[in-house]
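Peer 1: Structure, please.
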Amino acid sequence: MDNLGAILAVDSQIGIIIAIALISIVGLWIIFYFIPVGLWFSALVSGVRISLLQLVLMRWRKIPPAVIVNNLISATKAGLYLNRNDLEAHYLAGGRVKAVVNALISADKANISLDFKTATAIDLAGRDVLEAVQMSVKPKVINTPPVAAVAKDGIQLIAKARVTLRANIKQLVGGAGEETILARVGEGIVTSIGSAQHHKQVLENPDSISKVVLSKGLDSGTAYEILSIDIADIDVGKNIGAMLQIDQANADKNIAQAKAEERRAMAVAAEQEMKAKAQEARANVIQAEAEIPKAISEAFRSGNLGIMDYYRMENIKADTTMRDKISKPGESSSSKGKSGDESSK
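Peer 2: A predicted model of the protein is given here:
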């Protein structure tokens, strides 16, 4: 029993020691988390003056102390002296502290004028301030999409250009981007080719396009400065002038055909109208001739016409018919032939 009690006493002491050790470890972790002594010491030996209280307050303000301290160390070692409050304010505003500090260091080494306020404004505007500084040192080349334009002789030319850009840091906030540069360069290419009298002039001197485009000041109001515009390739496209002339000729032909069809339809209508009038006239003649026997009968009854007068009138008619046949022998023979053909049929 004595041995069992001793064993239990030893086990309880070991458990207490383990619990104390765990509590101590957790406590030390909490202390070192809220009081980053190692980070404070690194700042101290790097020449950055910051108190432990400020590091603890950063935790309470939900700002990672390592982000602020490490960037302060980098700036101090590069010869830049930044304000801790400014870095904290930029972080709380949603900015990228590391990118801003690296951009300031790069700009200082490259003798580019860039202050902290401008750098933070560029970063909060959504632009990559470090890339902008690098682009100021090493210009960027962008390729334009194929731009089609037509010279005055109607030949289409398709040009591709390479535009060398350098970032304009002063206009990065509120300045237009690469899309505007490409649109303006394309407009300048179209204007230059369109003003050429002959497409061969453009093919012989492609640098004329670059000169015209550069003279327009296309980089005004943008975040970039155009250093050069080089025509990389020019291809001959379609003969737009000839195609337009063909289309115009086809349109004129269709219009002429429509007008001719209209005139033909009007002529046919007029012909049909004249035929109808002729038929109407014949009907009137026949109707008038039908009244002659009635008039003769009435003349007989009234005594105005005698039998001898009637025979004399018939003789005159017969003589008139005979004279007509004698004066027109061709018609009589043709009429006989027609009558013979009809009888044969």
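Peer 1: Secondary structure element for the most centrally placed residue in the chain, which one?
Peer 2: Of all residues in the chain, the one closest to the mean position by Cα atoms, centre = their mean is Ala183, 10.5 Å from it. In this assignment (DSSP states H and E), Ala183 forms part of helix 178-194.
Peer 1: Show residues contacting that helix.
Peer 2: 142, 144-145, 147, 149-152, 157, 159, 161, 163, 165, 199, 202, 208-209, 212-213, 216, 218-219, 222, 224, 226, 229 (Cβ atoms under 8 Å, 6 or more residues apart in numbering). C-betas here are computed from N, CA, C, even on glycine.
Peer 1: Would you mind writing the ChimeraX command to select the buried ones in those?
Peer 2: ChimeraX command restricting the contacts of helix 178-194 to the buried ones, with burial defined by 16 or more other Cβ atoms under 10 Å:
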select :144,147,149,150,151,157,159,161,163,165,199,202,208,209,212,213,218,219,222,224,226,229
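Peer 1: phi, psi of Ile158?
Peer 2: phi -120, psi 110 (degrees, to the nearest 10).
Peer 1: picking up where we left off before, against which helices or strands is whichever helix or strand comes after the helix holding Ala183 packed?
Peer 2: Following helix 178-194 in sequence order, the next helix or strand is helix 199-204 (DSSP H and E). In terms of contacts (3 or more Cβ pairs under 8 Å, 6 or more residues apart in numbering; DSSP states H and E), helix 199-204 is packed against strand 155-167, helix 178-194, helix 207-214, strand 224-239.
Peer 1: Does the spatially most distant residue from the centre of the chain lie in a helix or a strand, and which?
Peer 2: Outermost residue of the chain with respect to the C-alpha centroid, by Cα atoms, centre = their mean, is Met308; its distance is 103.3 Å. Assigned by DSSP H and E, Met308 belongs to helix 307-327.
Peer 1: Return the mean pLDDT over that helix, rounded to an integer.
Peer 2: Averaging pLDDT along helix 307-327 gives 78.
Peer 1: which residues does Ala196 contact?
Peer 2: 151-152, 202, 208.
Peer 1: got a list of what Leu124 touches?
Peer 2: With Cβ under 8 Å, 6+ apart, Leu124 has these contacts: 90, 93-95.
Peer 1: Scan those and report the most crowded one.
Peer 2: Within the contacts of Leu124, neighbour counts (other Cβ atoms under 10 Å) peak at His90, which reaches 21 neighbours.
Peer 1: what distance separates the start and the end of stretch 204-218?
Peer 2: With Cα to Cα, to the nearest Å as the measure, stretch 204-218 spans 24 Å from end to end.
Peer 1: Where does the prediction get shaky in the chain?
Peer 2: Applying pLDDT under 70 to the chain flags residues 1-17, 19-37, 329-345.
Peer 1: domain ranges for it?
Peer 2: Domain assignment for the chain by automatic domain parsing gives 35-131, 140-238.
Peer 1: picking that back up, adding distance to Asp123, write the helices and strands packed on helix 199-204 out as TSV.
Peer 2: Below are those laid out as TSV (distance: least, Cβ to Cβ, whole Å):
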stretch	distance to Asp123
strand 155-167	14
helix 178-194	19
helix 207-214	31
strand 224-239	18
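Peer 1: Quickly compare these and say which is most buried.
Peer 2: Mean neighbour count (mean count of other Cβ atoms under 10 Å) peaks for strand 155-167 among those, with a mean of 20.
Peer 1: Packing partners of it?
Peer 2: helix 129-137, strand 140-143, strand 147-150, helix 178-194, helix 199-204, helix 207-214, strand 224-239, helix 240-302.
Peer 1: quick one, the fourth one and strand 155-167 angle?
Peer 2: Which is helix 178-194. Helix 178-194 and strand 155-167 are oriented at 140 degrees to each other (axes from the mean of the first three to the mean of the last three Cα atoms, to 10 degrees).
Peer 1: With just CA atoms, put stretch 249-259 into PDB.
Peer 2: Output in PDB follows, covering the C-alpha atoms of stretch 249-259 (Å, rounded to 0.1, in the frame of the first residue of the first chain):
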ATOM      1  CA  ALA A 249     -22.300  49.400-111.600                       C
ATOM      2  CA  ASN A 250     -24.500  46.500-110.500                       C
ATOM      3  CA  ALA A 251     -26.800  48.900-108.700                       C
ATOM      4  CA  ASP A 252     -27.000  51.200-111.700                       C
ATOM      5  CA  LYS A 253     -27.800  48.200-113.900                       C
ATOM      6  CA  ASN A 254     -30.500  47.000-111.600                       C
ATOM      7  CA  ILE A 255     -32.000  50.500-111.600                       C
ATOM      8  CA  ALA A 256     -31.900  50.800-115.400                       C
ATOM      9  CA  GLN A 257     -33.500  47.300-115.700                       C
ATOM     10  CA  ALA A 258     -36.200  48.400-113.400                       C
ATOM     11  CA  LYS A 259     -36.900  51.600-115.300                       C
END
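Peer 1: how far is it from where the chain is centred?
Peer 2: Its chain's C-alpha centre and that of stretch 249-259 lie 34 Å apart, by Cα atoms, centre = their mean, to the nearest Å.
Peer 1: Next: stretch 173-193.
Peer 2: 14 Å.
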